[in-house]
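Show me how the following folds:
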Amino acid sequence: MDIINLERITPWLLNHGLRILLIILAGLVLHRLARVFVKKLIKKVIVNDECSEAREKREETLVRIFSGFLKILIILFVIIMIMQELGFAIAPILAGAGVAGLAFGFGGQYLIRDLVSGFFIIIENQYRVGDVVQIGNAFGIVEDITLRMTTIRDLDGGAHHIPHGEIHQVNNHSKKFGRVNLNIGISYNSNLEKVISVINGVGKELAEDSQWKEYILEPPQFLRVDNFADSAIIIKILGKTKPIHQWAVTGELRKRIKIAFDKEGIVIPFPQRVIHQPA
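This next block holds a predicted model:
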């Protein structure tokens, strides 16, 4: 009995089994070749109007998206070929899939909307993998982009999966440059000219520091007196940095201004309230 089964199985393995193995290997090779082809094509198509870092991020994003799309097509093709080798009738299955796809189309408007919106997000280069963006209430780094949705990882580690059809406005903090936009309150008794001199000196020193100068495009400087608040004069400081580095530069600037203010006797006041008592 075992010999009879072996005699039946061996020819099938040598014929169909070998073909299945070759189909799988061909799919793996085709996937690798497709990724290489997509990468080379995208590098030629993308216009070099951005800095090298931004261009690399866009290339990687497009390669990931289109390679993923081709991977799905290749997997479907391999599955169909293997089913054919296993003896399944492919034509009725494909016909049934067409009918199911038509039925799904009537209820798949949201999926179509997501895919179309995703296509325009990619073509218009609204954001890329690695960018820091805010979409609705989600703020963080773009971790992944597919044709259907975007995944954002926030500072707490939470992953936000956002369908492209629900994206109406994107705030991208990683395009071309970032801003140091800092407000500091000083005491009404402060010498304003001295404060301005200290702030500009700290900003210039930071921009010339070997650890920070590569991230700073324009030194943080005094811009204006922004407001007369209840307890302080509000000073606005503005500077220009490379994308994504504005938060680190601003944090370092805060630290250095506090140290400089303490050294020069400039007070950052607590909230105060003056109470007049009747005689």
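
use CA for all of it now, contacts and neighbours both
OK.

which stretches of the chain form strands?
For the chain, applying DSSP state E gives strands covering 132-135, 138-145, 149-153, 159-163, 170-172, 178-186, 216-228, 233-241.

List of residues touching the fourth one?
Going back to what we said before, that points to strand 159-163. Contacts to strand 159-163, defined as Cα atoms under 8 Å, 6 or more residues apart in numbering, come from residues D114, A138, R148, M149, T150, T151, I152, R153, D154.

mind running it again at 6 Å?
D114, R148, M149, T150, T151, I152, R153 (Cα atoms under 6 Å, 6 or more residues apart in numbering).

got a winner among those residues for most neighbours?
I152 (27 neighbours; other Cα atoms under 10 Å).

pretty sure it is touching V142, no?
Yes: with contacts counted by Cα atoms under 6 Å, I152 reaches V142, the gap being 4.5 Å.

which residues of the stretch 51-200 of the chain fall in helices?
52-85, 90-107, 109-123, 192-208 (DSSP state H, counting those that start in this stretch).

Excluding chain neighbours, give the residue nearest to P271 in space.
Distance criterion Cα to Cα, 6 or more residues apart in numbering; nearest residue to P271, sequence neighbours excluded, is S231 at 5.4 Å.

Quick one: neighbours of the one you found, just the number.
17.

Likewise for E59?
20.

what does the one 10 residues further on give?
Neighbour count of F69, defined by other Cα under 10 Å: 13.

Could you report the pLDDT at the closest residue to V63 other than its chain neighbours?
Closest residue to V63 apart from its sequence neighbours, by Cα to Cα, 6+ apart: K39 at 5.7 Å. pLDDT for K39: 77.

Against G158, how distant is K39?
Between K39 and G158 the computed distance is 30 Å (Cα to Cα, to the nearest Å).

And I275, by the same measure?
The value you get for I275 to G158, if Cα to Cα is used, is 47 Å.

the more surrounded of those two?
When I275 and G158 are compared for neighbours, G158 comes out ahead with 12 against 6, by other Cα under 10 Å.

Ramachandran angles for that one?
Reported as degrees, to the nearest 10, the phi and psi values for G158 are phi -70, psi 140.

likewise G157?
phi 90, psi 0.

State the distance from it to E143.
Counting by Cα to Cα, the gap from G157 to E143 is 11 Å.

the more surrounded of those two?
Under the criterion of other Cα under 10 Å, the comparison of G157 against E143 puts E143 first, with 19 against 9.

Could you report the separation of that one from T150?
Distance from E143 to T150, by Cα to Cα: 8 Å.

got it, and V132?
12 Å.

and if you look at K44?
Distance from K44 to T150, by Cα to Cα: 25 Å.

before we move on, what about I186?
I186 is 43 Å from T150, by Cα to Cα.

ok, now G265?
According to Cα to Cα, G265 and T150 sit 49 Å apart.

which sections of the chain are below the confidence cut-off?
Within the chain, the ranges that satisfy pLDDT under 70 run 1-16, 45-54, 89-108, 272-274, 276, 279.

Let me see the domain layout of it.
The record, using automatic domain parsing to delimit domains, assigns the chain the ranges 2-107, 121-172, 178-264.

Let me know which of these is the nearest to F270.
Within these, the stretch nearest F270 is domain 178-264; the backing value is 7.2 Å (Cα to Cα).

can you give me how far that closest one is from the chain middle?
Its chain's average C-alpha position is 28 Å from that of domain 178-264, according to Cα atoms, centre = their mean, to the nearest Å.

what do you get for stretch 117-129?
Taking mean C-alpha positions (Cα atoms, centre = their mean), stretch 117-129 and its chain are 11 Å apart.

Any buried residues in that stretch, and which?
Judged by neighbour count (16 or more other Cα atoms under 10 Å), stretch 117-129 contains these buried residues: S117, G118, F119, I121, I122, Y127, R128, V129.
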